[in-house]
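K.L.:
sequence plus predicted model, see below.
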Amino acid sequence: MIIDCHAHVFAFPKLASPFSKTTWLSAQEQIRIMDSKGVDKAVILPLSNAECCAEVQSFGEILYICECFPGRFIPYCNIDPRLPQRPDLITVDHFLYILEQYKNLGAKGLGELVARIPWNDPCMLNLLEACQIVNFPITFHTITPDYDGYGVLDYPGLELLEIVLKRFPHLRLFGHSPGFWSEISSSLRIEDKNGYPKGPVKEGGALVNLLRKYPNLHCDISAGSGLFALQRDPDFTWKFIEEFQDRIILGLDYGSVKNDMQHIEWLKKAKLENYISELAYTKITSRNISTILGLGL
Ligand SMILES: [Zn+2]
């Protein structure tokens, strides 16, 4: 069983992205990629925040895709938490009113959260509190305020993330993006914070410190940000995977049919060559996400 925790899938993709010059993936294209890589199920993360580089998706669209391919997709919901965009979403109860409906309709979590507001913004805190109450994990992309792009705003060292990890101990947060993974090394230079730093990983990175301190933090290894961070220093990586095997989760994050995500091939090779255990491989590729989402697989 292989589960991809990070997919973006559209029922009717029509517009090309200025970045890839292709549309986002249709459900059929996503299924073809899953079949070619042996992926049994994929979590669909709706792109619904203002900054997402795509047409804003509805939960109805996500449910429709899930219904077209029974058993292959796991739906997440998404909400743009910002005021005054949503005057109906101000209090924790307002968020709960919406989230409970999503939950009853089958949603298993929330994401990808890419809203450019700080973790400790009052409307963000209300959304996080409501997610903790309904037991929705959140997949997030993070970025620094000085950098153009999408993502929850935080500073080098992930100091705002730590505030919410501490404040919401039962809220599971799945970290993703260059701004998250660059923090794996304490040698991080400010200019590399939102990029893909290479070279040896130095112990004491904020990401590692937070994983040790907060059991509610998890790592989504999707896209280049996750895979390159794991590939940059194998001596560090094998120890990292051994220590955090219960907290690392496979994701791919295809944004175009032109992408070629090599995460599964890399993990299989690492297992075959005995750098990671069979158990760690199973946890990363399916068991961890299955346990967190209560899939019973
Ligand atoms: Zn994504």
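P.N.:
Sure, I can see it.

K.L.:
helix/strand/coil for Gly111?
P.N.:
Secondary structure for Gly111, judged by DSSP: H, G, I helix; E, B strand; the rest coil, is strand.

K.L.:
what number of residues lie near the nearest residue to it once chain neighbours are set aside?
P.N.:
Closest residue to Gly111 apart from its sequence neighbours, by CB to CB, 6 or more residues apart in numbering: Thr139 at 3.1 Å. Using the backbone N, CA and C atoms, a C-beta is placed for each residue, glycine as well. Thr139: 28 surrounding residues under other CB atoms under 10 Å.

K.L.:
so what's the backbone phi/psi at Thr139?
P.N.:
Phi and psi for Thr139, reported as degrees, to the nearest 10, are phi -100, psi 130.

K.L.:
beta partners for it?
P.N.:
In this entry, Thr139 is beta-bridged to Gly111, Phe174, by DSSP bridges.

K.L.:
ok, it - contacts?
P.N.:
Residues near Thr139 by CB atoms under 8 Å, 6 or more residues apart in numbering: 5-6, 45, 76, 109-113, 174, 176, 220, 251.

K.L.:
most neighbours, which of these?
P.N.:
Leu45 leads these on contacts (other CB under 10 Å) with 33 neighbours.

K.L.:
distance of that residue relative to Cys77?
P.N.:
Per CB to CB, to the nearest Å, Leu45 is found 9 Å from Cys77.

K.L.:
and the ion, which of the contacts of Thr139 contact it?
P.N.:
The residues of the contacts of Thr139 that also fall near the ion, by CB under 5 Å from the ion, are Glu112.

K.L.:
show me which of the contacts of Thr139 is closest to Phe95.
P.N.:
Leu110 (9.9 Å; CB to CB).

K.L.:
quick one: contacts for the closest one?
P.N.:
Applying CB under 8 Å, 6+ apart to Leu110 gives the contacts 76-79, 99, 127, 131, 136-139.

K.L.:
include distance to Leu188 when you put the residues you listed into TSV, please.
P.N.:
Below are these laid out as TSV (distance: CB to CB, whole Å):
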residue	distance to Leu188
Tyr76	29
Cys77	33
Asn78	29
Ile79	31
Leu99	34
Leu127	28
Cys131	28
Phe136	30
Pro137	26
Ile138	24
Thr139	22
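
K.L.:
among the residues you listed, which lie within helices?
P.N.:
Judged by DSSP state H, helices contain the following of those: 99, 127, 131.
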